[in-house]
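Q: Fold the following and give me the result.
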Amino acid sequence: MEKLLNRLRALADENRLKMVVLLLEKDYCVGALSKKLGISKAAVSQHMKILRQNGIVKGEKRGYFTHYEVQKEQIRGISEELEAISRRKFPGDRLVHSCQKEGDCHENKLQDEEKNKKGEQ
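A: Predicted coordinates:
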C-alpha cells in the first residue's frame, strides 16, 4: 500500500502529471520538457527525480542529454491496484458511519438539536 501511496503522491503534482502525459507521447529531455511546460530546467529535474524514484519514468543517456520515458507497466500497475481496491467487498452496513454507531456523529447531534427545538415550541 505504501508503494501505491508514494506513486499517487508523485502523480498528484500538476507538472509531474503533465510530464507523464507528454512522455507517453514520446521521449523528452529536461530542456524540451522545460520549454513545453514553461518551467525551469531545475524544476523539471527535481520533478523527474521524484518520478524516477517512484519507478514511473526511466532515463536513458543519449550523448550529452538524458531522455526520459514512462514505465507504462508501472502506470498499469497503479491502475490495477486502484481497480482491485474498488472491487473489495464491504459489510452491508458500510453506509452507517462508525461514529453513528458510537453516538458521536455530527449528523446525530444535528437531529437531536432539531428534535429539541421542536419540543420547545
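
Q: element containing T66, please.
A: Counting by DSSP states H and E, the element that carries T66 is strand 65-70.

Q: From the contact counts, what lies against that strand?
A: helix 14-25, strand 28-29, helix 30-37, strand 57-62 (3 or more Cβ pairs under 8 Å, 6 or more residues apart in numbering; DSSP states H and E). The way it works is simple: take the backbone N, C-alpha and C, and place the C-beta from them, glycine included.

Q: ok, how many other residues are close to the residue lying closest to C29 once chain neighbours are set aside?
A: Using Cβ to Cβ, 6 or more residues apart in numbering and skipping the chain neighbours, the partner closest in space to C29 is F65 (4.2 Å). As a burial measure, F65 scores 14 neighbours (other Cβ atoms under 10 Å).

Q: Hmm, F65 is touching S34, no?
A: No: using Cβ atoms under 8 Å, F65 is not in contact with S34; the gap is 11.9 Å.

Q: Would you confirm that E69 contacts R62?
A: No: judged on Cβ under 8 Å, E69 makes no contact with R62 at a distance of 11.2 Å.

Q: Those two: who's more crowded?
A: Between E69 and R62, counted using other Cβ under 10 Å, the more crowded position is E69 (14 against 10).

Q: okay, now the domains of this structure?
A: Domain segmentation of the chain under automatic domain parsing yields 2-76, 92-120.

Q: and the ones you listed as CSV, adding mean pLDDT and distance to A84?
A: Shown next, in CSV, are those (pLDDT from 0 to 100; distance: least, Cβ to Cβ, whole Å):
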stretch, mean pLDDT, distance to A84
domain 2-76, 95, 10
domain 92-120, 66, 17
